[in-house]
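Chemist: When you get a sec, could you give me coordinates for this:
(2 chains)
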There are 2 protein chains.
Amino acid sequence: MAGKGAARAVVLLSGGLDSATCLAAARRDGCACHCVSFDYGQRHRCELTAARRVARALGAASHRTIRVDLRAIGGSALTDDAIAVPKDRTARAMGAGVPVTYVPARNLIFLSLAAGLAEVVGARRLYIGVNAVDYSGYPDCREPFVRAFERAANLGTRAGTEGGERLRVVAPLVRLGKAEIVRLGAGLGVDFGLTVSCYDPDRSGRACGHCDACVLRRRGFEAAGVPDPTRYRRGGGR
Amino acid sequence: MAGKGAARAVVLLSGGLDSATCLAAARRDGCACHCVSFDYGQRHRCELTAARRVARALGAASHRTIRVDLRAIGGSALTDDAIAVPKDRTARAMGAGVPVTYVPARNLIFLSLAAGLAEVVGARRLYIGVNAVDYSGYPDCREPFVRAFERAANLGTRAGTEGGERLRVVAPLVRLGKAEIVRLGAGLGVDFGLTVSCYDPDRSGRACGHCDACVLRRRGFEAAGVPDPTRYRRGGGR
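Modeler: Here you go, the predicted structure:
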């Protein structure tokens, strides 16, 4: 448990498998975790309920949801209902180029908001669960981006003016594949049954089983040899 | 006028004197300007109406307002009603440290959202009216931050994956003092009567005349020898 003198961290928490494991890693590192989720107009808005459950289960110090209207920007299957979420894509198709589920500049935007929150809660660490091993199509999930962001954030906030401890961005999953993430999370006591990864769930939060996020998640459980607790809707399971 | 083949730019437009001049500079540079304003819970929300007027007057190709709830973060006199806007500060007091009107990570957040929009509208330039000469208290108004952001944005968006033209952040005012900005804007035909700079205006948009923004703006007009068209409320003018 993070004690009174624990380092404070802001943890980006989407409610999915990766960010839940990231939060568990931040707790393992002894941090008092101030979690932040984003209500950005995503079609899989039920992930926000999942994020609340995960924050509570993993002993977060606080959890807040910030509204930022990325539908005003659009350009993604996740924020524009006119663009369909691709289903049943092969690994090869997933690896080819930036997918339509990429939300323009999303991690740049979310990390920026998290950097603002970090200033207010007095945190000098930002935890983000990006990883690029299985799914390299998202430019904002790679380590060079994370390091460049860290530099910009230090120059553009109080840290850059008033000295003191620099802001560090910690990406504990960045070099892990999905199966390794599942094993890490399971070892840290994450209840994956609380998480929602699907891009296109039904109203009660059951996963479609066919979008890229579902396909990668299912394969991760299989490869890790960990039982998959995901609630699939009819036709979504195996 | 920007023709059909004009370079597209996203211009951050607050509705104040600086961003209006920045938009005029982007138009002078031949850009088709897609302006973006942010409804972030600022107490001087009437600047959004000013931004619409300015975009129209200066021939913007489009203008949109994105909602992002920075009140959920707080930590600034501009987003927390419990923190008062300082009045009648001396130049020396303004120069000492980060003022309470600093909104944590604001330009980092706004530039990130603008970078997302740039991807969608196909713009490779972001114009921002930051300047640090008269008022160096804001860490996110300085050139090293702007360049570091540019690098992060290129690594964290499609530009970083798919090649093509890099995103450039253009800050035409960054080395200008307020009087030089007033002269530049006046020369480019900006109607400063449309703009609102005050942090604490009344409901009809009349300026307080005493906050840092008002003090710097008034001095800028005086030093430039340009008539000040600002509507001050009772006790706000000279």
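
Chemist: show me the contacts for the nearest residue to residue A:178 once chain neighbours are set aside.
Modeler: Of all residues not flanking residue A:178 in the chain, residue A:220 sits nearest, at 3.2 Å (Cβ to Cβ, 6 or more residues apart in numbering or on different chains). For the C-beta atoms, the positions are set from N, CA and C on the backbone; glycine is no exception. Listed by Cβ atoms under 8 Å, 6 or more residues apart in numbering or on different chains, the contact set of residue A:220 reads A:17, A:134, A:177, A:178, A:179, A:181, A:182.

Chemist: any idea which of those is closest to residue A:127?
Modeler: Nearest to residue A:127 out of the contacts of residue A:220 is residue A:181 (Cβ to Cβ; 13.8 Å).

Chemist: re earlier: next one, pLDDT for the residue nearest to residue A:178 please.
Modeler: Note on residue A:220: pLDDT of 95.

Chemist: can you check residue A:162 too?
Modeler: 67.

Chemist: how about residue A:175, phi and psi?
Modeler: The phi and psi values for residue A:175, taken as degrees, to the nearest 10, are phi -110, psi 20.

Chemist: could you point out which element follows the helix or strand of chain A with the lowest mean pLDDT?
Modeler: Least confident helix or strand of chain A, by mean pLDDT, DSSP states H and E, is helix A:159-162 with a mean of 67. Next helix or strand after helix A:159-162 toward the C-terminus (DSSP states H and E): strand A:168-170.

Chemist: Remind me what that next one packs against, helices and strands.
Modeler: In this structure, strand A:168-170 packs against strand A:125-127, helix A:143-155, with contacts taken as 3 or more Cβ pairs under 8 Å, 6 or more residues apart in numbering or on different chains; DSSP states H and E.

Chemist: outside of the biggest strand by length in chain A, which residues touch it?
Modeler: Secondary structure assigned by DSSP state E gives strand A:32-39 as the longest strand of chain A. Residues from elsewhere that reach strand A:32-39 (Cβ under 8 Å, 6+ apart): A:2, A:6-15, A:23, A:26-27, A:45, A:47-48, A:51-52, A:55, A:58-68, A:110, A:113-114, A:117, A:121, A:123, A:127.

Chemist: And those residues, which of them are buried?
Modeler: Using 16 or more other Cβ atoms under 10 Å in any protein chain shown as the burial test, the contacts of strand A:32-39 include A:2, A:7-15, A:23, A:26-27, A:47-48, A:51-52, A:55, A:58, A:60-61, A:63, A:65-66, A:68, A:110, A:113-114, A:117, A:121, A:123, A:127 as buried.

Chemist: among the helices and strands packed on strand A:168-170, which is the most enclosed?
Modeler: Comparing these by mean neighbour count (mean count of other Cβ atoms under 10 Å in any protein chain shown), strand A:125-127 ranks first with a mean of 24.

Chemist: Does that strand reach chain B?
Modeler: No. Judged by Cβ under 8 Å from any Cβ of the partner chain, strand A:125-127 makes no contact with chain B; its nearest approach is 11.1 Å.

Chemist: Starting from that strand, tell me which strands it pairs with and how they run.
Modeler: If you go by DSSP bridges, strand A:125-127 pairs up with strand A:8-12 (parallel), strand A:168-170 (parallel).

Chemist: Poorly predicted segments of chain A, please.
Modeler: Low-confidence segments of chain A (pLDDT under 70): A:1-4, A:134-136, A:160-163, A:238.

Chemist: right, and the strands paired with strand A:125-127 - which one's nearest residue B:150?
Modeler: Evaluated over those, closeness to residue B:150 peaks at strand A:168-170, with 17.8 Å, by Cβ to Cβ.

Chemist: can you pull the contacts of the residue nearest to residue A:76 when sequence neighbours are not counted?
Modeler: Distance criterion Cβ to Cβ, 6+ apart; nearest residue to residue A:76, sequence neighbours excluded, is residue A:103 at 4.3 Å. If you count contacts by Cβ under 8 Å, 6+ apart, residue A:103 has them with A:40, A:42, A:70, A:75, A:76, A:78, A:79, B:116.

Chemist: what helix or strand does the fourth one sit in?
Modeler: Translated: residue A:75. Assigned by DSSP H and E, residue A:75 belongs to no helix or strand.

Chemist: Report the contact partners of it.
Modeler: Contact analysis of residue A:75 by Cβ under 8 Å, 6+ apart lists A:103, A:104, B:116, B:119, B:120.

Chemist: switch the cut-off to 10 Å
Modeler: A:83, A:100, A:102, A:103, A:104, A:105, B:116, B:117, B:119, B:120, B:121, B:158 (Cβ atoms under 10 Å, 6 or more residues apart in numbering or on different chains).

Chemist: Tabulate the helices and strands packed on strand A:168-170 (CSV), appending distance to residue B:196.
Modeler: Formatted as CSV, the helices and strands packed on strand A:168-170 follow (distance: least, Cβ to Cβ, whole Å):
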stretch, distance to residue B:196
strand A:125-127, 34
helix A:143-155, 28
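
Chemist: that older thread, the contacts of strand A:32-39 in strands, which ones?
Modeler: Per DSSP E, those map to strands at A:8, A:9, A:10, A:11, A:12, A:62, A:63, A:64, A:65, A:66, A:67, A:127.

Chemist: Please identify the helix or strand for the most centrally placed residue in chain A.
Modeler: Nearest to the mean C-alpha position of chain A, by Cα atoms, centre = their mean, lies residue A:19 at 4.0 Å. Secondary structure from DSSP H and E places residue A:19 in helix A:17-28.

Chemist: circling back to that earlier point, pick out the most distant pair among the ones in strands among the contacts of strand A:32-39.
Modeler: Greatest spacing in those, by Cβ to Cβ: A:8 and A:67 (23.3 Å).

Chemist: Can stretch A:55-70 be said to contact chain B?
Modeler: Yes. Counting by Cβ under 10 Å from any Cβ of the partner chain, chain B has neighbours in stretch A:55-70: A:64, A:65, A:66, A:67, A:68, A:69, A:70.

Chemist: So what sits opposite the fifth one in the bridge?
Modeler: Counting by DSSP bridges, residue A:68 forms beta bridges with residue B:68.

Chemist: Next, the contact list for it, please.
Modeler: Residue A:68 makes contact with A:38-41, A:106, A:109-110, A:112-113, B:38, B:40, B:66-70, B:72, B:109, B:112-113, according to Cβ under 10 Å, 6+ apart.

Chemist: Apply 7 Å and report the result again.
Modeler: A:38, A:40, A:109, A:113, B:68 (Cβ atoms under 7 Å, 6 or more residues apart in numbering or on different chains).

Chemist: cool, and the second one?
Modeler: Under the criterion of Cβ under 7 Å, 6+ apart, the contact list for residue A:65 reads A:37, A:39, A:48.

Chemist: And residue A:131, how far from residue A:177?
Modeler: Computed as Cβ to Cβ, to the nearest Å, the residue A:131 to residue A:177 distance reads 8 Å.

Chemist: Tell me which of those two has more neighbours.
Modeler: A side-by-side neighbour count of residue A:131 and residue A:177, using other Cβ atoms under 10 Å in any protein chain shown, places residue A:131 first with 25 against 19.

Chemist: Thank you, goodbye.
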